[in-house]
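Got a predicted structure here, sequence first:
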Amino acid sequence: MPSVVEIRRLEPADAEAFQALRLVALRDCPAAFSASLEEEAELPLEVVAARMRPGSGRYLFGAFADGTLVGCVGVGREAARKLAHKAFVRGIYVAQAARGRGVGRQLMHEALAFAATLAGVRQVSLVATANNTGAIALYESLGFAIWGREPDALHADGRFHDDVHMLCALPVHPTG
């Protein structure tokens with residue numbers, strides 16, 4: 001597996017590969033996602049593809065190694081006018097075979113760089129499962145700080161899991 005992969009925005013033609021990776025992620029790490037494997041498995045491919053269309057308001061980025069999707073991350077922006085200065089990162093996942101090679105860091109760099117291009121966005125938030133210390137360390141190394149902990153935020157694998165809420169301030173531009 002190469003240490004540098006191609007990172008690009010996913011488009012409707014990537015829907016099948018994305019859905020396959022997403023289902024692996026939900027099977028592999030059920031406590032890391034609020035969606036369930038059962039819910040996502042029932043989504044028609046057309047719905048997944050529609051989420052990737054320009055103008056959908058959803059921004060999904062993928063990491064490709066030798067043409068195979070090995071990681072993904074979603075970036076969004078709060079829709080309400082009073083909250084539009086905030087972006088968020090959701091659904092980051094790197095396939096087992098690609099872990100330990102910096103793919104997650106590359107995806108997060110892309111997510112943060114993209115969020116910084118959204119006019120007026122000043123901060124990016126994310127939520128991580130509290131026991132996912134590797135992911136939390138990555139996020140902290142990129143400038144995120146924990147600002148809160150939600151006990152029993154998620155019920156998966158027959159038990160409750162705490163979430164930590166993290167925030168990263170973006171550089172403020174004179175017009176932002």
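Thanks, I have the structure now. Numbering: from 1, shown residues only.

measure stretch 121-140 end to end?
One end of stretch 121-140 to the other measures 20 Å (CA to CA, to the nearest Å).

contact partners of it?
Residues outside stretch 121-140 that contact it (CB atoms under 8 Å, 6 or more residues apart in numbering): 31-32, 77, 84-90, 92, 104-105, 108, 111-112, 115, 144, 146, 149, 153-154, 161-170, 172, 176. From N, CA and C alone the C-beta is placed, and that goes for glycine too.

Need the buried ones from these selected in PyMOL.
To isolate the buried ones among the contacts of stretch 121-140 in PyMOL, judged by 16 or more other CB atoms under 10 Å, type:
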select buried, resi 31+32+77+85+86+87+88+89+90+92+104+108+111+112+115+144+153+154+161+163+164+165+166+167+168+170
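
Strands - which of the contacts of stretch 121-140 land there?
Among the contacts of stretch 121-140, the members found in strands (DSSP state E) are 77, 86-90, 92, 146, 149, 153-154, 161-169.

From the chain's centroid, how far away is stretch 17-35?
In this view, stretch 17-35 has its centroid 11 Å away from the chain centroid, taken as CA atoms, centre = their mean, to the nearest Å.

Flag every buried residue along that stretch.
17, 18, 19, 21, 22, 25, 26, 29, 30, 31, 32, 33.

Kindly present those residues as CSV, with separate columns for distance to residue 61 and pLDDT.
Shown next, in CSV, are those (distance: CB to CB, whole Å; pLDDT from 0 to 100):
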residue, distance to residue 61, pLDDT
17, 13, 97
18, 10, 96
19, 16, 96
21, 12, 97
22, 13, 96
25, 15, 95
26, 18, 95
29, 19, 92
30, 23, 92
31, 23, 92
32, 18, 92
33, 17, 93
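
okay, among those residues, which ones form the most distant pair?
Of all pairs drawn from the buried residues of stretch 17-35, the widest gap by CB to CB lies between 17 and 31 and measures 24.0 Å.

Relative to residue 161, how far out is residue 31?
5 Å (CB to CB, to the nearest Å).

mind listing what residue 165 touches?
For residue 165, the contacting residues are 125, 126, 127, 146, 147, 148, 149, 150, by CB under 8 Å, 6+ apart.

before we move on, what about residue 104?
71, 92, 94, 135, 138.

Read off the pLDDT value for residue 3.
On pLDDT, residue 3 comes in at 53.

what about residue 114, neighbour count?
Using other CB atoms under 10 Å, the number of residues around residue 114 comes to 18.
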